[in-house]
Structure formats: C-alpha cells, structure tokens
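> Coordinates for the following, if possible.
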Amino acid sequence: MAKLSVNINKIATIRNARGGNIPDLIKAAQLIEQFGAEGITVHPRPDERHIRYSDVAELKKVVTTEFNVEGYPSEDFLELVLTHLPHQVTLVPDAPDAITSNAGWDSIKNRDFLSKVVDQLKKAGIRTSLFVDPVVDQIAAAADTGTDRIELYTEAYAHHYRTDREKAIAPYRVAAQKAVDLGLGVNGGHDLSLENLRYFGQEIPGLLEVSIGHALISDALYYGMENTVRMYSRELKNV
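Coordinates of the predicted model:
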C-alpha cells in the first residue's frame, strides 16, 4: 500500500500570516503522524514564505515517520538537507519565485547536473526522488541520474480527472510502469485529493508514496485534521 505523506506548507503559511507560533507547526506535524500519516513533507523556498529553513531543523528532531524535504537544489538547499539528513529529498525544478511546482524536470537536458546532485545526496545516505512529468523518455533519463525514485507531477491528471479519468491516468500508468521496469520507486503528488486519490492508487503500478498538502489541509478546515488524515489514508487502503 502506498504511504501518505502530508505536506504541511499551508500550516506554515497560516502561522506566518500573523507572526508568532500559532498554529504550532511542530505540534501539527506530531499530531498528523499520530492520526495515521506515514510521512511529513515540507518544501522550503528561498524567501521562506511558508516553511522556514529553521523549521527543517526542528522537524528533524521530532518526525518519527518519513521526513521528506522538497526543493530546488541550490547551494543553500543542499547545505540544509546535508546538515539535517531527512529520509528523502525530492528535487524539483522550481524557480525561486514560483508560487507552487508547475512542471517536472527536463531530466534529459539536466542529466549531468542532476547526476552530480543525486550522487552527493546518496553519499550522505539520503534517498533521492526527482519530480518529473509522465513522459517515458524523461523517466529513462531520470533513471540515468542514479535517483532512487521519481515523483510523478499529477496536476494534469487531477485537472482532467472529472472529464475523462481513463484518458487522464493513461500517461501516468505508462510512465510508472517504465519507472518500475527501470528499477525506480514511484511517488506521486500535486493536486491529489479525496476525489481522485483512490483511482490514482488503483491504476499506478509500483506506487510507494503520495505527497498531499493543499487539498488535505483545506479539507481539514471542513472535517477536522484527524478525520481528514484518516479519510485520505482510507482512500489509499481501498485501492
């Protein structure tokens, strides 16, 4: 069964809106784990508009499940993760001013650069994952970097799910199978929700983990955090 990793960026956004420490990001992460999540994800950006670099240090002390840190591999980001050694680093090609991730790596064009970064992280004992679009040639190039996993960028799937879910999932199914054939682990994330998560889990071969933030934290406003985490976990169990 695929693991549920909860991205807590939005909790940090609320905290930062007023200053101080309400809501308490560390307490929220601990409770989310108690409620059944099997991982905590954060994506610190250079302007620290939600997750701060100092949050990574504090979370590393308390996260008892899997700690996944996403980000563009700048010098500062690499120093951060090499200092605090999360279980997994997911490399994304975000520009510094990106509102949210909006594309996967061109792993063909960036193969040499990514290979060096992946090697550096793996030597430190950190599992690596590359954020990629569901394109077979990009999956093959990602494998050439030495990465352990890929994370499929699922925005297109989520966007088209309501109109034609079979058409929406088709390229992801093929891409995931290619990854499995090449010995890569498969993660998924971006705009997955209670509406589309179960079908994604049913159709994607080798799916190990999903990272969900915006939809889950938004649903928690309606249903409560504990209930929401359990609802998402049930969607993954019922595949």
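
> which SS state does N68 fall under?
strand (DSSP: H, G, I helix; E, B strand; the rest coil).

> That one touches Q88, doesn't it?
Yes: contact criterion Cβ atoms under 8 Å: N68 and Q88 qualify, at 4.4 Å. Every C-beta, even on glycine, is put in place using the N, C-alpha and C of the backbone.

> Overlap of the contact sets of these two?
S129 (Cβ atoms under 8 Å, 6 or more residues apart in numbering).

> Tell me if S5 really is in a helix.
No: counting by three-state DSSP, S5 is not part of a helix but strand.

> What is the burial count for the nearest residue to it once chain neighbours are set aside?
Leaving aside its chain neighbours, S5 sits nearest to G39 (3.1 Å; criterion: Cβ to Cβ, 6 or more residues apart in numbering). Using other Cβ atoms under 10 Å, G39 has 21 other residues around it.

> again with N21
By other Cβ under 10 Å, the burial measure for N21, its neighbour count, is 10.

> contacting residues around it?
R15.

> Just to be sure, it is in a strand?
No: counting by three-state DSSP, N21 falls outside a strand, being coil.

> confidence score at it?
Reading off the confidence values, N21 has pLDDT 96.

> With the one 3 residues further on instead?
pLDDT, the model's per-residue confidence, is 98 for D24.

> center of this protein - which residue?
The chain has S211 as the residue nearest its centroid, 4.0 Å off, counting by Cα atoms, centre = their mean.

> three-state assignment of that residue?
strand.

> How many neighbouring residues does R162 have?
The burial count for R162: 10, using other Cβ under 10 Å.

> actually L182, not the one I wrote
13.

> and it, what does it touch?
Counted by Cβ under 8 Å, 6+ apart, L182 has contacts I139, A140, A143.

> which of these lies closest to R165?
Relative to R165, the closest of the contacts of L182 is I139; by Cβ to Cβ it sits at 21.7 Å.

> Which neighbouring elements make contact with the host helix or strand of that closest one?
Using DSSP states H and E, I139 maps to helix 136-144. In terms of contacts (3 or more Cβ pairs under 8 Å, 6 or more residues apart in numbering; DSSP states H and E), helix 136-144 is packed against helix 111-123, strand 127-132, helix 165-181.

> just the ones you listed: most buried one?
strand 127-132 (a mean of 24; mean count of other Cβ atoms under 10 Å).

> Also compute the angle for that strand relative to helix 136-144, please.
160 degrees (axes from the mean of the first three to the mean of the last three Cα atoms, to 10 degrees).

> related to what we said a few turns ago, for the helix holding I139, list the C-alpha coordinates in CSV.
What follows is helix 136-144, C-alpha atoms only, in CSV (Å, rounded to 0.1, in the frame of the first residue of the first chain):
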residue,chain,number,x,y,z
VAL,A,136,8.7,7.9,-20.8
ASP,A,137,11.9,9.5,-22.2
GLN,A,138,12.1,11.7,-19.1
ILE,A,139,11.7,8.7,-16.9
ALA,A,140,14.5,6.9,-18.7
ALA,A,141,16.8,10.0,-18.3
ALA,A,142,15.9,10.2,-14.7
ALA,A,143,17.0,6.7,-14.1
ASP,A,144,20.3,7.5,-15.7
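
> Many thanks, we can stop here.
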